[in-house]
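**Student:** Sequence below, structure please.
(one chain, ligands or ions: 1)
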Amino acid sequence: MTQPSPHTTQQSLSQHQPINPRPGTTSPALTGRGLVKYYGEVVGLAGVDVAVRPGEALAVMGPSGNGKTTLLHVLAGILTPDQGEVWLGGDRVDQLSDAQRTVLRRRRLGFVFQDNQLLAELPADENVALPLMVDGISRRDAIGRARATLAQVGLANEVNRRPGELSGGQAQRVAIARALVGEPQAVFADEPTGALDATTGAQVIDLLVGAATHRGAAVVVVTHDDAVAARCHRVVRIVDGRVSQR
Ligand SMILES: Nc1ncnc2c1ncn2[C@@H]1O[C@H](COP(=O)(O)OP(=O)(O)OP(=O)(O)O)[C@@H](O)[C@H]1O
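**Tutor:** Okay, the predicted model is just below:
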């Protein structure tokens, strides 16, 4: 993706003011405006505005089937909205081609899913290094960065273990390391603790929120769990594809 000149970025930002701008707060790292998404006749999103600042963790809650995952996928450039805009910092995401969005997701975003989606045959360090190597970073550098990131999530002694040799919480920490190793601007997590017991889940969400926001990333966590949402900085409820005010 072509990086805009500072002038272009400035223009983009001035034309598109942050939602609820407050004096002294940083511009959003991630912004969705007027997001509408249909699946055929089914409404996924019916007009959502949301903004997440750098270093802020936003929990997305709401009843099943009401649009939480759709919102996450639209903000993360996995789905394109039928109406509305998605901005990552000063860059508009929703108008990029599929190929450009694929590169953007790999270079600038991180993902953590309920099932860790690690490759079973690879040790932890190679799982974490993989996205860097796909992006052309040498194996030696990628493994070095992967091991440093694994150490930051408390897995310095587990770098050679395969996913089957790790506990559920440890495997999810590897997934967090993989999401963070590329220094993403935003991290998206869909039910990241859904497969874990409450204590392990609390540790994992604290680690995810702490490590990502410490790096200045914006974090979006879809969850059904009040305890997980309480560990984020802010909560929005999505009901019938809209942000609920209740
Ligand atoms: N690929 C798809 N094709 C058709 N309809 C879809 C698709 N994905 C989601 N939907 C529909 O869009 C609506 C919102 O779904 P979404 O998965 O965003 O909800 P959710 O709040 O994340 O649900 P849950 O909490 O159960 O995961 C639902 O009616 C769902 O059935």
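
**Student:** all helices of the chain, in order?
**Tutor:** With DSSP state H, the ranges of helices along the chain come out as 6-15, 68-75, 98-108, 124-134, 139-152, 168-180, 198-214, 226-229.

**Student:** what comes up buried for the third one?
**Tutor:** In this case it means helix 98-108. 101, 104, 105, 106, 108 (16 or more other CB atoms under 10 Å). For every residue, glycine as well, the C-beta is placed using N, CA and C.

**Student:** who's the spatially most central residue of the chain bridged to?
**Tutor:** Compute the mean C-alpha point of the chain, and by CA atoms, centre = their mean the closest residue is residue 188, 1.8 Å away. Note on residue 188: beta-bridge partners residue 111, residue 220, judged by DSSP bridges.

**Student:** closest one to residue 57 among the helices of the chain?
**Tutor:** Residue 57 lies closest to helix 198-214 among the helices of the chain, at 4.5 Å (CB to CB).

**Student:** Can you lay out the buried residues of helix 98-108 as TSV showing pLDDT?
**Tutor:** Shown next, in TSV, are these (pLDDT from 0 to 100):
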residue	pLDDT
101	95
104	94
105	94
106	92
108	95
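
**Student:** Show me what from the chain comes close to the ligand.
**Tutor:** Listed as neighbours of the ligand in the chain under the rule CB under 6 Å from any ligand atom: 39, 42, 44, 62, 64, 65, 66, 67, 68, 69, 70.

**Student:** Count the neighbours of residue 218 for me.
**Tutor:** Residue 218 has 27 neighbours, counted by other CB atoms under 10 Å.

**Student:** among the helices of the chain, which gets the worst mean confidence?
**Tutor:** With a mean of 33, helix 6-15 has the lowest mean pLDDT of these.

**Student:** Report whether the expected contact of residue 51 with residue 28 is present.
**Tutor:** Yes. With contact defined as CB atoms under 8 Å, residue 51 counts as touching residue 28 (3.9 Å).

**Student:** Give me the more crowded residue out of these two.
**Tutor:** Using other CB under 10 Å, the more surrounded residue of residue 51 and residue 28 is residue 28, with 24 against 19.

**Student:** so that one makes contact with residue 90?
**Tutor:** No. The criterion here is CB under 8 Å, and residue 28 misses it with residue 90 at 10.1 Å.

**Student:** Distance to residue 243 added to the buried residues of helix 98-108, as a markdown table?
**Tutor:** Output for these, formatted as a markdown table (distance: CB to CB, whole Å):
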| residue | distance to residue 243 |
| --- | --- |
| 101 | 24 |
| 104 | 25 |
| 105 | 24 |
| 106 | 29 |
| 108 | 25 |
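
**Student:** Distance check, residue 175 against residue 89.
**Tutor:** When distances are taken as CB to CB, to the nearest Å, residue 175 and residue 89 turn out to be 24 Å apart.

**Student:** more neighbours, these two?
**Tutor:** Taking neighbours as other CB under 10 Å, residue 175 and residue 89 compare with residue 175 leading, 28 against 19.
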